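Enquirer: Let's see this in three dimensions:
(one chain, ligands or ions: 2)
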Amino acid sequence: MATLGVNIDHVATIRQARRTVEPDPVAAAVLAELGGADGITVHLREDRRHIQERDVRLLRQTVRTHLNLEMAATSEMVAIALEIRPDYVTLVPERREEVTTEGGLDVVGQQEPLTQVVQTLQGAGIPVSLFIDADPAQVAAAAKTTAQFIELHTGRYAEAKGEAAQQQELAILAQGVQQAKALGLRVNAGHGLTYTNVGAIARLDGIEELNIGHTIISRAVLVGMVQAVRDMKALISP
Ligand SMILES: CC(=O)[C@@H](O)[C@H](O)COP(=O)(O)O
Ligand SMILES: NCC(=O)COP(=O)(O)O
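Expert: Ligands and ions are numbered 1, 2, ... in the order given. Model (predicted):
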């Protein structure tokens, strides 16, 4: 049964809309944990469009479950991670122009530099997860970096149109989980999951944690964070 990492990026999106101090992602994390979150995920983007370094520093002191820092594999972000020391780091691709993450890391094409970043962080005691598509070559390349985890990108599943297409993407994800486990990788999953599409992913054997953000924050705006998290927990671990 998968656990739930709540991504609170878009609490910060509302704050940054006015460049002000509310709503505070730190307060949101407390409420998410009260609602049953098993972890808190934040994406400190190079362009700081939502989560700020201040948020990550305070969350390090206040998160009682575990803190997952999503970041690009840059020297700036590695230095921040080594200083703040999240419970784990998830390396994600980033493009300034993107509205949100568009795909997984190209580990195959960046094997050497990504392996260096993985070994720097894990050498400092910070486990690393690589956010990748469920592509066999990417899964194999991720294992070669010595990263302890992968996070399978569920965006194509979430965007699939119609039952057949969704079942096809689900089968690809299931295959990716099995390949990763056979290679000794621990497996998380996330991106684009919602209250209506999460069930089939939560039922995939071998996935440890689902990182879910936008849909939970969208519901929290209407019913409150505690209830929004409780509702998602009820779906992924009934
Ligand atoms: C990697 C991923 O899919 C998300 O966790 C990421 O945080 C999306 O970026 P935004 O939160 O900026 O939409
Ligand atoms: N890595 C996925 C994540 O943290 C949240 O993605 P989303 O649910 O906001 O699409």
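
Enquirer: how distant is stretch 158-178 from the center of its chain?
Expert: Its chain's C-alpha centre and that of stretch 158-178 lie 19 Å apart, by Cα atoms, centre = their mean, to the nearest Å.

Enquirer: element containing residue 150, please.
Expert: In this structure, residue 150 sits in strand 149-153 according to DSSP states H and E.

Enquirer: secondary structure element for the nearest residue to residue 192 once chain neighbours are set aside?
Expert: Leaving aside its sequence neighbours, residue 192 sits nearest to residue 158 (Cβ to Cβ, 6 or more residues apart in numbering; 3.1 Å). Every C-beta, even on glycine, is put in place using the N, C-alpha and C of the backbone. Per DSSP H and E: residue 158 is located in helix 155-159.

Enquirer: Could you check how far that helix is from the centre of its chain?
Expert: With Cα atoms, centre = their mean, you get 15 Å for helix 155-159.

Enquirer: Now do the contacts for residue 188.
Expert: By Cβ atoms under 8 Å, 6 or more residues apart in numbering, the residues touching residue 188 are 5, 90, 129, 149-152, 207-211.

Enquirer: repeat that for 7 Å
Expert: Neighbouring residues of residue 188 by Cβ atoms under 7 Å, 6 or more residues apart in numbering: 129, 149, 151, 207-209, 211.

Enquirer: quick check, nearest of the residues you listed to ligand 2?
Expert: Comparing the contacts of residue 188 against ligand 2 with Cβ to the nearest ligand atom picks out residue 211 as the nearest, at 3.5 Å.

Enquirer: Who does that closest one form a beta bridge with?
Expert: residue 5, residue 190 (DSSP bridges).

Enquirer: And the contacts of the helix holding residue 158?
Expert: Counting by Cβ under 7 Å, 6+ apart, 166, 169-170, 173, 191-193, 197, 201 sit against helix 155-159.

Enquirer: can you rerun that using 6 Å?
Expert: Helix 155-159 is contacted from outside by 169-170, 191-192, 197, using Cβ atoms under 6 Å, 6 or more residues apart in numbering.
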